[in-house]
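# Quick one: sequence and predicted model below, then my questions.
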Amino acid sequence: MKYKVVSLIVISLLVLSGCIFNKDNNTEITDTAEEDFNSSGQAKAIEDETDLWQYLENEDAGFSLKYPHDIILDGNPDDLYVLTVEVAPIDSLDGTMGYNKGTAVKNVAFLKNNQYGEQVDFPLRSSKKIRDLDKYTAQEFTVLSRFEICSVTFEKKLYFFSAGNQVIVTLKGNEKTFKNDLSSYLTTNQENCSDAMIWDMDNKKMDEFYTDLEKGVLSEPVQRWHNAFDSIVKTIEFFDKGEISNLDALQGKWVSSDDFDSEVEFTGNVKKDYYATELMNQTEFDLYLEREATTSDSDGKYLILGQGDDQMEYSIVNISADYLELTYLPRGNTLKYIKISN
């Protein structure tokens, strides 16, 4: 990950450089450089406060985001607001609470069709929504409790997939500080939780809390947690890695969107076929611009496996950082794959 900070000092110098004060008649003389700066679009750009935020970039998943200076990246439980950004190849996932490979593969397909998909973690039902990130679609939800009655947490989450990776963006608010402002939503349970303040489940106070959070009527520390998360999500941008050949784009492991046990892996000029993790076949391949061509080309539209009587031909219908669509030419059937690792 890379970080970049934009300094307020630079902006101040740019603005000040355009003004001269005339002591003789107490008037301000504006240099043409100021007018040029104001009309160039640069001044408008720095009116957005997010231009002054911290910058985080992940090359593996191909995205960036910004976050305010009062939010701590990978902080500790004592911090008021803690941001975490977790990125992992789909093929490596074996986590709990639904954060596993099987659920991820299904949710890639669901989200591609603008559907929420299978639930992960412990989201408050009323908080579950689909979030459009321009290039991708994400699950957005809020976690206020996990596992048992005494649990109280404040986590805003964004869950999406990019370039064969699962991405989880979490903004966590400080439980102790927030509880001080939320007594009307909390209660005690001496038998199970001693004197600890917990959610008043009987009166559906978690749902009431979330409704008030959406209305924007809660105390400043709590409301800022909610609003800051929304602002951070809006800064997410995806970037391409420049020109890339079809050969380079093929590299990595893919799973069939029709049969999650069927996987293919391209390494160099070798294609491996797996079923239920067992290696079934391994074949060298070439890419050609035309079916009858004799010279291979890394930008070819035809995938030719093997030679002679064992040769198999596919047309590359669509290929991107996340999706692969092939047509098996003898039969004309279409095979669709989802990238699960680079």
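Yep, that arrived. Fair warning: this is a prediction, and the values are worked out from it, not measured in the lab. Residues are numbered from 1 along each chain as shown.
# how about the helices of the chain, start to end?
Along the chain, counting by DSSP state H, helices occupy 8-16, 32-39, 42-45, 101-112, 175-180, 190-193, 205-215, 220-234, 246-250.
# now for the fifth one, which elements pack on it?
What that stands for is helix 175-180. Identification of packing neighbours for helix 175-180 by 3 or more C-beta pairs under 8 Å, 6 or more residues apart in numbering; DSSP states H and E yields helix 220-234. Every residue, glycine included, has its C-beta placed from N, CA and C.
# which parts of the helix it packs on are buried?
Of the residues in helix 220-234, 222-226, 228-229, 232-233 count as buried by neighbour count, 16 or more other C-beta atoms under 10 Å.
# to the chain's geometric centre, what's the distance from that helix?
17 Å (C-alpha atoms, centre = their mean, to the nearest Å).
# top strand in the protein by residue count?
Ranked by number of residues, the top strand in the chain under DSSP state E is strand 278-288.
# Show me what that strand is packed against.
Looks like strand 278-288 contacts strand 270-275, strand 302-305 (3+ C-beta pairs under 8 Å, 6+ apart).
# what is the mean pLDDT for the last one?
For strand 302-305, the per-residue pLDDT values average out at 94.
# Name the strands paired with the longest strand of the chain and say parallel or antiparallel.
When sheet partners are counted by DSSP bridges, strand 278-288 sits next to strand 270-275 (antiparallel), strand 302-305 (antiparallel).
# Give me whichever of the ones you listed is most buried.
strand 302-305 (a mean of 20; mean count of other C-beta atoms under 10 Å).
# got the contact list for it?
The contact list for strand 302-305, computed with C-beta atoms under 8 Å, 6 or more residues apart in numbering, reads 250, 271, 283-291, 293, 311-316, 326.
# ok, residue 157 - contacts?
So, once contact is read as C-beta under 8 Å, 6+ apart, residue 157 ends up touching 121, 123, 139-143, 168-170.
# what's the domain layout of this structure?
53-238, 246-341 (automatic domain parsing).
# okay but residue 300 is in contact with residue 287, surely?
Yes. Here residue 300 reaches residue 287: they are 3.2 Å apart, a contact under C-beta atoms under 8 Å.
# if I look at those two, which residues touch both of them?
With C-beta under 8 Å, 6+ apart as the test, residue 300 and residue 287 both reach 246-247, 316.
# I'd like those written out as TSV, with distance to residue 129 added.
Compiled in TSV, the shared contacts of residue 300 and residue 287 are given as follows (distance: C-beta to C-beta, whole Å):
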residue	distance to residue 129
246	36
247	39
316	35
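# Adding pLDDT, write these out as TSV.
Formatted as TSV, the shared contacts of residue 300 and residue 287 follow (pLDDT from 0 to 100):
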residue	pLDDT
246	95
247	96
316	96
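# quick one on the thing from earlier: mean neighbour count, the domains of the chain: which tops it?
domain 53-238 (a mean of 17).
# Now do the closest residue to residue 205 other than its chain neighbours, the pLDDT please.
Leaving aside its sequence neighbours, residue 205 sits nearest to residue 185 (C-beta to C-beta, 6 or more residues apart in numbering; 4.2 Å). Note on residue 185: pLDDT of 98.
# need the contact list for residue 168.
84-86, 99, 157-159.
# For it, give its distance to residue 68.
Shown here: residue 168 relative to residue 68, a distance of 20 Å by C-beta to C-beta, to the nearest Å.
# so where's the stretch 151-300 of the chain shaky on pLDDT?
Applying pLDDT under 70 to the stretch 151-300 of the chain flags no residue at all.
# 80 instead, please
Applying pLDDT under 80 to the stretch 151-300 of the chain flags the ranges 241-242.
# how about the buried residues of helix 220-234, which pair is most distant?
222 and 233 (17.9 Å; C-beta to C-beta).
# Spatially, what comes nearest to residue 64 if we skip its sequence neighbours?
Closest to residue 64 by C-beta to C-beta, 6+ apart is residue 57, at 4.2 Å.
# Kindly confirm whether my reading is correct that the one you found touches residue 85.
No. Under the criterion of C-beta under 8 Å, residue 57 makes no contact with residue 85, lying 10.2 Å away.
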